[in-house]
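Participant: return a 3D structure for these sequence lines:
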Amino acid sequence: MFMRKLQVDNEKYVVYSPDTLKYITDNMYPILDERIEFYKSLFDVKSFRKIQINYFDNVEEFREYIYSLRGERTSLPQYAVGTFDNGMINAYVKTAIVGTPAYEKILYLASHELFHIMYQELIWEKENKKRIVWFDEGMAQLFSGEYHKLLKDNNFDNWLDNLITKTEVIPDLNKLSHGTSFVNSKYNGYALSLLAVKYLFDTLEFSEFKRLMHDTIAIEAYGKNILTDAINFYKNEKKENKLR
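Facilitator: As a prediction, the model looks like this:
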């Protein structure tokens, strides 16, 4: 039913994807290899299990595949293009022009989903702790590298200004779950989660951040006011940079 072709099979991952997506998959392997090494340092592990990656060039085929894994047909949000069902990386990959921001983001899709998988298996399932969606999504966006250009220097200042303008309501991050409470006309939970985690990563020592990943009580304590704190922090940082 699901037509997939084996593209790569090594000790780290196996990739099934149509040849139509080779212009993306052929360029994602160096990124994925580098991110795997960073994730091992982040999670303090020497190795991780082999990952299966399933890419689709047809959104309906992608959705059908996910529902075949889940055994139901209601849980996948309309905006979803990637999941980590059954410990695999599953994604619908849209056509993108090489060199565009859309293409760049797709290159990091596998490393985004891999973060979710490793955080699930190495921390919140292993330690019997709940998943805090904003923290998990913020880390996956930041650590995958998908926004590495956007979050630098003037690009970040412009991105933050635009985010503040478009955010009509600052939500309690701890109350966000996937669906309309995560992305709607009043705010974008993905962008706000990215800002929150970037702020934590910029202001905490690396060792302290790694400890925080295990501490759901501390994460939720941050979640209550972190957006206001982050916005004020970066606004002040911008002012100080102008005075130098």
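
Participant: ok, and the closest non-adjacent residue to Leu69?
Facilitator: Excluding the flanking residues, the one nearest Leu69 by C-beta to C-beta, 6 or more residues apart in numbering is Asp85, at 4.7 Å. Quick note: C-beta positions are derived from backbone N, CA and C, even for glycine.

Participant: I'd say that neighbour and Ile66 touch.
Facilitator: Yes: look at Asp85 against Ile66 with C-beta atoms under 8 Å: they come within range, at 5.9 Å.

Participant: out of those two, which sits in the busier spot?
Facilitator: Comparing Asp85 with Ile66 by other C-beta atoms under 10 Å, the one with more neighbours is Ile66, at 22 against 16.

Participant: quick one: contacts for that one?
Facilitator: 76, 83, 85, 90 (C-beta atoms under 8 Å, 6 or more residues apart in numbering).

Participant: what residues does stretch 217-228 touch?
Facilitator: Under C-beta under 8 Å, 6+ apart, the answer for stretch 217-228 is 132, 134-135, 170, 172-174, 192, 195-196, 199-200, 212.

Participant: just the buried members of the residues you listed?
Facilitator: 132, 134-135, 173-174, 192, 195-196, 199-200, 212 (16 or more other C-beta atoms under 10 Å).

Participant: could you dump those residues into CSV and include secondary structure?
Facilitator: Formatted as CSV, these follow (DSSP: H, G, I helix; E, B strand; the rest coil):
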residue, secondary structure
Ile132, coil
Trp134, helix
Phe135, helix
Leu173, helix
Asn174, helix
Leu192, helix
Leu195, helix
Ala196, helix
Tyr199, helix
Leu200, helix
Leu212, helix
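
Participant: got CSV for the residues you listed, with distance to Thr25 and pLDDT too?
Facilitator: Putting the buried ones among the contacts of stretch 217-228 into CSV (distance: C-beta to C-beta, whole Å; pLDDT from 0 to 100) gives the following:
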residue, distance to Thr25, pLDDT
Ile132, 31, 95
Trp134, 30, 96
Phe135, 29, 97
Leu173, 34, 94
Asn174, 36, 93
Leu192, 31, 97
Leu195, 30, 98
Ala196, 31, 98
Tyr199, 33, 98
Leu200, 32, 98
Leu212, 34, 98
